[in-house]
Each structure stands twice: as structure tokens, then as C-alpha cells.
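Participant: Would you be able to build a 3D model of this:
(2 chains)
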Amino acid sequence: MTKSKTEEALEGTGRFFDDRLRAARATTAFLRKLYPDHWTFLLGEIALYSFVILLLTGTFLTLFFQPSMSEVVYHGVYTPLRGVRMSEAYASTLNISFDVRGGLLMRQVHHWAALLFMAAIFVHMLRIFFTAAYRKPRELNWLIGIVMLTLGLLEGLFGYSLPDDLLSGTGLRITQGVLQSIPIVGTYGSYFLFGGEYPGNIIIPRLYIIHVLLIPALLLALISAHLFLMFHQKHTQMPGKGRTNANVIGAPTYPYFAAKTGAFFFFIFAVLGLLSTFAQINPIWLFGPYNPSGITAGSQPDFYMGPLEGALRIMPAWEWNVAGHTFAFNVFIPALVPLGVLFTAAALWPFLEQWITGDRSEHHVNDRPRNAPTRTGLGMAAVTFWGVLWLEGANDILADQLQIPLYTLTWIARVAVFVGPVVAYWVTKRICLGLQRKDAHLLEHGVETGIIRQLPTGEYVELTRPVDDEKLAVLEYNRVGAPELPPAGPAEDADGVPAPETRSALGRLRLGLNRVVSEGIPVGDGHGNGHGDGHGNGHAAPAAVTAGEQGGDPPDGPARPAPDQGGPDGGDTGH
Amino acid sequence: MSETEGSGQEFPSGDGAEELPEPRAPHRVIGTPPPAEARTLLEAPPAEEGPVEPRWLPAEPSDLPQAKRAERVVAALFILSMLASIGFIAAYIGLELGSIGGVQRSNLALGVAMSVAFGALAVGAVIWVKYLMPKVEMTEERHPLASSPQERAEFAETFNEGAEASGFVKRKLLRRTLIAASVPLAVAPLVLLRDMGPLPGTSLRHTVWRKGMRLLVYGPNTPLRAADFAIPGQMITVVPDGYQDDLDALAKATTIILKFAPGQLMPPTNLNWTVDGIVAYSKICTHVGCPVALYEQTTHHILCPCHQSTFDATRGAEVLFGPAARPLPQLPLGTDAQGFLVATSDYHEPVGPSFWERG
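Facilitator: A predicted model of the protein is given here:
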């Protein structure tokens, strides 16, 4: 019987460790820990397991890769390059691809895993942002995530520069040109990093040690901290029936989460394996060894560096020469400002939002993106900004494919990078408010049944049935004006005199921002009062439909400055 | 860690009582008799004192026939995975590389075997969880993360007493000298980085071009007579004689020469630096240093493939479009006694990307 077998194991191994570690209690807590389920919670796991696969395949590659810029003549299997002078780094990458069994597969898995790692981080962060999972107490993990994203960008850039092929060398040349353009320190920074003039003979060994030791070690430490905080603070959950800020609903680690997450690791490995078998990536043997005189048209970086490349491409040719010094705005502004602004804004946002709303309480149930139109709009604005720059990073390919003149496309991007985010913000906000109206309608009237009933008076009414419990819990969670929202913004005193801090310029700014972020469609008056059992059943009865909708008053609950903006709309939906 | 219902104390979601109804099947499984419990009882469980503790997890899934079917599928998948792993080893041993075709076959076999090995395990494990493990959904309490006031007070006490006992606060001299000691200690390691590279000096202002140095055609590395480069509309890359394999030199000195019909070249091109309509410009883009390798004959536009800076070859390589802020510097050309194209001096201004000291 299984039971006796497991008991036997505990007798032996379990006792051995517990005698030495006193771990029974802590391990029990660990095994019984509950994990809420939602498909978006897998995004972070994709990043984690991609990282593990990167470590495994990367270690294999280091067994064969020579991080050296000494010149050798190639004599390997790949005939087109035989007799060509190249760096040892490039030659050893060719050897990994053509002379080491499984080398090409591991190289391709490594590169695909790097792309998946970055893509998973981006999407994971968007999920966190749009569902507001970064809120207190998880701001620290949000900041750790931003640092890891930055490290991931550098790690990827340095990694694909190592093979010293013509494409990666071009990327390195651009990196050097950008570094050199930075005022005051740029030239020195470039000479120190490259050990003198570009390209020198030491940059590959230096990038190598940063790529295989320094950044992975930092990432490993930060990932550990990230996971520890997630474990300690317990995972957030999506709104649903019975889910509150004071509980966690899910399945225990052992055996459920452990088995599922293990399966997921294998699944990711399998997908990366298929990609690496059937989708060629970074065929460095086609590019040839690096030479600063050569280049190929259509040079593109890996996708995560695309926005930087696009920013460099759309920047107008602004340069000042003042007092014997050059301000290369055309280079260092696109290199530093767009991503600098985006990452800084992302890092500050949780704290800014706390200041604007005055909400300093803990949140463990995620928001639905539609219920925070301003936040969702800002997120989509950032995505659009990023996306325009990313697309523009391939403007030559796009111009060719779409048959649009290259300069026209660049001008479109120059405008779109500013206009696009504004439009995205506005459109997203309208969509969110529209979805809120739909939710409010459902809450107030229930689900349409398609049955029309004639009353004794001759009046026709449409019958609705209440929303089912699970959906109701989702619909009601954190709606604007619902009582679970904490009071937001500076209050007035009993006589209606505004608090002194609201009259300063900063206070007025805060009040204004508060109005913007708390914009939303409240549910009509009837809902606010009848909240509990009232609304569902009540609304099913025809009389209640008309009775409940007389007023477009703001709902009950703590006074909030904004929701009444949406009042008339809420009323409209009612009739 | 108890599996009680959450009280919703911090954020009562409106209708506490209604939102948390009586336990329904998936909501609270503990205590609901699992199908196997009866069997367990029949098999005479070990004698226990007191009431039997409710199980933490049910022992069996609710649909046993389905579980039985799933078990067979999972076992088959695991065997498939095993075979794929063995296939991986066999492919490693059996398939020689030796040629590009061999590499392709090996990559295909190893990749498919590896993907199947992992994929079958993954699918098997998911089916196992979904159909062989009893479904549970449990609730545990979540407590505010902040420590209790007592714990905080205890910590504050410990911290303050430690600070007092160490004398760090009281003994200003010690504190200040410690801080004074730590600042240079933090700076010292930075000094160690100084020897990572030489100082730039004026090296960015010069290239290896000298008076009388021949232009070699990039690739074959042969010198070129003006008469051999006679068809207008051509552009070729040239490198300085003696430095054709010196990447550091090439990163600055690589040059393009273009041939024009008489009268096509206009100021600000320095016509004194041209030979029979042949003009030489730096190939290193003044934006971030990519080689400007594309040339459009009909418009005389030189285009950088990296960021699309466009230069007018007939007008001193002035910038027409794109992020580059300066024209490509022009190399003064002449011919030597044998009629080969030579430089008559170095570039008169720094080539390549901008830098702070450029001015």
C-alpha cells in the first residue's frame, strides 16, 4: 500500500533530516500553502523557467565557447567559411554549431529561451500593472521586477554580442557609438569599457564574464528575493466568489501546485525544443565574421532592444556645439530618455497612485482593468509608446514590406510616438467605461431572459434573471462607489470646509488627479441600497425595475469626489 | 494555517454573509466524505485514540473510472517520454556530424527527441493532476502583513538598546570617524577600474591615413588607379594600405570612393580633394558609427543601413534625412607616381560618431 511506503520513507529519510533540521512544522506549512489559480499567473513562471533553461543551456555553451578576439583561420565543417580569418569567439561559435553534437540545438534553445524570457517578463509586468497587483504590500516586488527587466535587457544585448559575427558586431558598434555620445563621461566610458579604441581586443572577454557570471548572479539573487516575497506575502487572487482581502482560495502546493508547475517547466522546455528544431534563429554562419567596414542591410536587434533602435531612428539630427563641446542630442536622448522615462514612471507609479488616492491599505484581490480606466489607459499609452518605437526599429523592413516610402514612415512614427499614446489612453478609457456600463447594466437588471410579460395593467415588461453568484462576485468587486473602496482624496470637515492641504497648489493638483483616477460608472441607487439579496431577486420583479431607477444619485458608501460624473450615464443605462 | 473562511474584516465586500454561502462542493472539500473513505474504514485503520482527524486532502478523485482511463493515458505518455529520451541518446551516438547535412539531421533528431521527451512528461503530468488527483479548492486566512504593535515595540526596544550599548549614537567621535573611514574605502575600488583602458587623448581625431598612402579596394586589397575607376555612378569601399587587417584602424579609416561625371560634384564638396570626379568620404556614419554601405546611383544618396541617415554624395555628403547631424568627412585624394589613388593627408576633422570633446 502507498501509505505504508510513504511512511517508510518518512521513517528513514524524513527522520534523518528532521533530527538535524527540525523542519517538520515549516515544511508542513510549505506543503499546505495554497496557490490561487488563474492563467495569467503562469506568465511569471514562464520567465522563471526560461531563466532556468538559460542557465542549463548556457552552462553547456560555456564548455565549448572561447571568449577571445585572437585571430584564427577557420578549418571546420562549414565549408563556405573555410580559410577565412576570424576571431576565436566566432570560430568557436561555428564549432558549437557544426562540430559539437547537440551544440546547434543548445545554441538555438539558449537564444529562443532568451527571447521567451524577455517576452514573458514584459507580459507578466503588464498583467501585474493592469490588474494592480503591484499595490501595497507588493511594491517592493514590482521594483525588483523593473530592475530584473533592465538587467535582462543588458544580459540579452551582451549575450548576442558574444559570437562576434557581423550582425552582433554592428550592434556592439551602435552600443559603442551611443556610449561615446554621452556628455562628459561618454568618451572615457567607451575607452575604459573597450580597453581603448573600438573594437579593441578585450570587449568580448569582458562582456563574457558580465554575461555568464555578474548579471546571472544578480538575476538569481533578485529572483530568489522575488519568489521569497511572493511566498511570504502570499499570491494575489483574481476577484471571485468568496475571495476577499483576508483569505486565499486555491489548491495546496503539495501535490497540486508542485505537479502543475513541474509539468509547466517541461512544457516550456518542449516548446523551446520545437522552436529550436524547426525555427532557425541567429544563423551566425550566414553573417560572417565581424569587420567594422562591413554591414548587411536590414540589420535588426533582438526584439527587446527594438524600441531603443527605433528611438535612434526617429530622432531628428539635433546636435549642439558649445564652447568646444558636443551635445549629441540625436544620440543620447533616444538612448536614455524614452526607456528612462518609462521605467522611472513604472517604478514611481505605485507610490504616486497611493498619494493620489490616499489608499494606503493592503490589496490582495486584483483589480479588473476596466474598473480602473485611468490606470488601464496609462498602461495602454505606455504599450503604444513602446510599440511605435519597436515598430520603427524595423522601419526599413516595414517600408519595404508595406511599400511606404522610408522617410514618410519615419515621419509617421515621429508623430505617432506622441499622438499614439494619447489616442490609446483616450480610447482605452472609453472602452473601460463602456465595459463598466455593461457591468452596471447587468448588476441593475440582471441577465436578459428574452421573456416579455404583460402586466394586468396592460404594460409590457421584460423579465430578467439574477446574475449567478460567481459572476456577481466578479462584477461587484471593487466597482466604483462600492463600499470596499477606501475613502479617497482629502476630505472636507463637518461644515463642508475643505481641508487646508487641499487649497495649496499641490493639494489642488492631487484633488484633480484623484478625480481623474477615480472616474467610473456607478451602479444606480437601487443597487447601492439593496446590495445584498435585494438586487438580484428584486430586479427580476418588474416593479422593482422601475422603482429602483428613479434617481441617478451617487451610490452609498464613503464620499468620493468623482463618481457622480458618471451619475447621469448610470441613470441612462437604467432606463 | 487554518482553513477557515475569511472574515473579510478589512474590506467587507458589501454583503459578507451572502457572499460566503454554506459550503458547496468545490468550495470546502475537507470533511466531505471522499469515495475512498469507506474503504479505508473497512480496512481496519490503525487504532487511534480520540476522534478521527478529518483528512487534509481526499484520497481519491470523484470519478474513479475516468481516473482509471486517465492513468493508462498518463502511463503511455511517460513510456513515450522514456522512449524519446532513449532515442535522444541513440541519435547522439548514431548520427555523425561531419557535414552541413549531417548537422541538420542530427539537430532534427535530437530536437524532436528532446521535445517529445519533455512534452510527453508535461502532458502526462497535467492529465495526472486534472483527472487522477481529487479536485480541491481550499481557503486559508490571510493576515495583515504588518507586525503587531507589541512586536514592533519589542523590536524598537532591541534596536535602541543595541544602539545604546554599542555607543554608536552617544559617541559622536567614533560615529563620525567611522563614516569618514568608509567613504574613501568605497571610492578606492573604483580607482582600480582606471586601468581598464587608456585615456582617449586625441586618438578619436585622427585615423591612420597619411600623405601618399594608397587606397586598397576592400576585399581583394589591391591598389586602384584613377583610370580603372572610370564609370560614373560606382561606389566602392577602400582601406588604407598596410592596415587592411587592423580592425581598430578600419573602424575609423574605412572610406568609400565614388566616381562622378564632370560637373556633377558641387560645393560644399572640396573639389581640390577629388581626382577626375572621384571623391572619397569616410564610411563610418557620423551618427553612431555603422558603415554607410548603401548607394543610390540615380539620386546620389548614400544611406546608412542602421538608422537610415542619408547623405548627398554630390554635395560634400551633407545630411538629407535621418538622425546623423554632420556630413561624412571628406578624404583628400591624389595620385602617386604610378597613377594609383592615394590620400594626400589624414581626414581634416574627426570621423565617426560625435563625442563630448569633439567640439
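Participant: and the residue most central in space within chain B, what does it touch?
Facilitator: Here the mean C-alpha position of chain B is nearest to the C-alpha of B:C306 (CA atoms, centre = their mean), at a distance of 18.7 Å. Shown in contact with B:C306 (CB atoms under 8 Å, 6 or more residues apart in numbering or on different chains): A:170, A:174, A:295, A:299, B:285, B:287-288, B:290. For the C-beta atoms, the positions are set from N, CA and C on the backbone; glycine is no exception.
Participant: hmm, 7 Å instead?
Facilitator: B:C306 sits next to A:170, A:174, A:299, B:285, B:290 when contact means CB atoms under 7 Å, 6 or more residues apart in numbering or on different chains.
Participant: How about B:A146?
Facilitator: Counting by CB under 7 Å, 6+ apart, B:A146 makes contact with nothing.
Participant: Quick check: it vs A:E362, distance?
Facilitator: Distance, B:A146 to A:E362, by CB to CB, to the nearest Å: 8 Å.
Participant: With A:L140 instead?
Facilitator: 13 Å.
Participant: Mind giving me the packing neighbours of the host helix or strand of A:L55?
Facilitator: Using DSSP states H and E, A:L55 sits in helix A:42-62. Packing contacts for helix A:42-62, counted by 3 or more CB pairs under 7 Å, 6 or more residues apart in numbering or on different chains; DSSP states H and E, involve helix A:103-130, helix A:215-233, helix A:258-278.
Participant: Need the winner for burial among those.
Facilitator: Across the helices and strands packed on helix A:42-62, averaging neighbours per residue (mean count of other CB atoms under 10 Å in any protein chain shown) puts helix A:103-130 on top, at a mean of 22.
Participant: can you tell me if that helix touches chain B.
Facilitator: Yes: Helix A:103-130 lies within reach of chain B by CB under 7 Å from any CB of the partner chain, at A:104-105.
Participant: A:A381: what's its closest spatial neighbour, skipping adjacent residues?
Facilitator: Spatially, and ignoring its direct neighbours in sequence, A:A381 is nearest to A:P421 (3.7 Å; CB to CB, 6 or more residues apart in numbering or on different chains).
Participant: now swap in A:L34 and tell me
Facilitator: Among residues not flanking A:L34 along the chain, A:G250 sits closest, at 4.1 Å (CB to CB, 6+ apart).
Participant: mind listing what the one you found touches?
Facilitator: Contacts of A:G250 (CB under 7 Å, 6+ apart): A:34-37, B:137-138.
Participant: So which of those is surrounded by the most neighbours?
Facilitator: Counting neighbours by other CB atoms under 10 Å in any protein chain shown, the top entry in the contacts of A:G250 is A:L34, with 25 neighbours.
Participant: thinking again about what came up before, helix A:103-130 and the helix holding A:L55, what's the angle between them?
Facilitator: 150 degrees (axes from the mean of the first three to the mean of the last three CA atoms, to 10 degrees).
Participant: Which helix or strand lies directly C-terminal to helix A:42-62?
Facilitator: strand A:71-73.
Participant: now the residue in the stretch 51-200 of chain B that chain A sits nearest to, what's its secondary structure?
Facilitator: Shortest the stretch 51-200 of chain B-to-chain A distance, computed as CB to the nearest CB: residue-wise this is B:G111, at 2.7 Å. The three-state label given to B:G111 by DSSP: H, G, I helix; E, B strand; the rest coil is helix.
Participant: can you map out the helices along the stretch 101-250 of chain B?
Facilitator: Using DSSP state H, counting those that start in this stretch, the helices of the stretch 101-250 of chain B run over residues B:149-166, B:172-192, B:247-253.
Participant: among those helices, which is the most enclosed?
Facilitator: For the helices of the stretch 101-250 of chain B, the highest mean count by mean count of other CB under 10 Å goes to helix B:247-253, at a mean of 23.
Participant: quick one: strands adjacent to the very next helix or strand once past it?
Facilitator: Downstream of helix B:247-253, the first helix or strand assigned by DSSP H and E is strand B:255-259. With DSSP bridges as the test, strand B:255-259 is paired with strand B:235-240 (antiparallel), strand B:278-282 (antiparallel).
Participant: and for the first one, what are the contacting residues?
Facilitator: Applying CB under 7 Å, 6+ apart, the contact partners of strand B:235-240 are A:293, B:208-209, B:213, B:215-218, B:249-250, B:253-258, B:283, B:295.
Participant: centre of the chain versus that strand, how much separation?
Facilitator: Strand B:235-240 sits 34 Å away from the centroid of its parent chain (CA atoms, centre = their mean, to the nearest Å).
Participant: Please apply the same query to stretch A:357-366.
Facilitator: In terms of CA atoms, centre = their mean, the centre of stretch A:357-366 is found 20 Å from the chain centre.
Participant: just stretch B:340-351 next, same as before
Facilitator: 39 Å.
Participant: do stretch A:386-405 as well
Facilitator: Relative to its chain's centre, stretch A:386-405 lies at 23 Å (CA atoms, centre = their mean).
Participant: What's the end-to-end length of that stretch?
Facilitator: Stretch A:386-405 has an end-to-end distance of 22 Å (CA to CA, to the nearest Å).
Participant: Give the buried residues for that stretch.
Facilitator: Using 16 or more other CB atoms under 10 Å in any protein chain shown as the test for burial, stretch A:386-405 gives A:386-396, A:398-399.
Participant: One more: stretch B:232-244?
Facilitator: Buried residues in stretch B:232-244, counted by 16+ other CB under 10 Å: B:235-241, B:243-244.
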